[in-house]
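Visitor: give me a model of this one.
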Amino acid sequence: MNNRKIIPLILLINLLFCLSVLSGCSNRPFLTGENDYSINTVKITGEIKNQPLQIPWNLNIAVMRNLLMESSFVLSDLHTPDSDDLQKPSSDTVYLESIFPESQTMTFIIDQQPVVLDVNSIQIEVRGSNIGKIILNQTLIFQGINNPDLEPAYTDFIKELNIKQSTPATK
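Guide: Numbering: from 1, shown residues only. Reported below is the predicted structural model:
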């Protein structure tokens with residue numbers, strides 16, 4: 001008797017969830033409408049291209065979660081780079097950037113010490129000579145953990161983003 005009541009309830013919950021996702025009323029995963037996200041490409045010639053990101057509501061959550069997890073891992077342990085650590089770029093460099101409309105107070109581990117900073121922007125090098133290089137507030141440069149999974153996570157995110165942007169919207 002209990003199974004007869006539980007099965008329709010589960011079906012109803014699944015239906016409501018699907019309707020909310022398909023109707024577009026679900027929130028974008030891990031994002032707020034206030035934040036500004038972009039991809040910055042710095043060419044060897046010095047040319048800078050800033051491409052704002054438009055995250056579709058139906059972006060694959062697993063791909064996005066993986067990119068955020070790998071980025072968080074890079075940010076978990078920062079150190080002040082030696083001049084030798086910051087090589088002159090040997091190829092184009094790509095940064096994933098987040099700009100906050102209001103300063104966010106964040107605690108970072110920098111040179112094995114907790115440091116509290118008011119952050120307006122974070123840039124993470126996801127492709128280039130210094131993968132994991134972090135630029136805070138467009139002035140403070142640190143080297144994060146050299147995460148070999150960051151670039152593949154970024155590549156998967158870009159592929160998914162391109163698929164979603166090239167797919168016509170249905171209403």
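Visitor: okay, CA-based contacts and neighbour counts for the rest of this
Guide: Fine.
Visitor: what residues sit buried inside stretch 122-140?
Guide: Within stretch 122-140, the residues that qualify as buried by neighbour count (16 or more other Cα atoms under 10 Å) are 122-137.
Visitor: and it, how far apart are its ends?
Guide: Across stretch 122-140, the terminal residues are separated by 10 Å (Cα to Cα, to the nearest Å).
Visitor: do the same with stretch 139-153
Guide: This stretch, stretch 139-153, spans 26 Å end to end (Cα to Cα).
Visitor: any idea of the mean pLDDT in it?
Guide: Averaged over stretch 139-153, pLDDT sits at 90.
Visitor: ok, back up a step: out of the buried residues of stretch 122-140, which sit inside helices?
Guide: When the buried residues of stretch 122-140 are checked against helices using DSSP state H, none is located there.
Visitor: which of these sits closest to S90?
Guide: When the buried residues of stretch 122-140 are compared for distance to S90 (Cα to Cα), S129 wins out at 6.3 Å.
Visitor: centroid residue for the chain?
Guide: L68 (4.7 Å; Cα atoms, centre = their mean).
Visitor: gap between that one and I39?
Guide: Going from L68 to I39 by Cα to Cα gives 14 Å.
Visitor: could you pull out the strands in this protein for me?
Guide: Taking DSSP state E as the test, the strands found in the chain are 36-42, 48-52, 93-110, 113-127, 133-136, 140-143.
Visitor: so which of these is the most surrounded?
Guide: Neighbour counts (mean count of other Cα atoms under 10 Å) averaged over each of those peak at strand 133-136, with a mean of 22.
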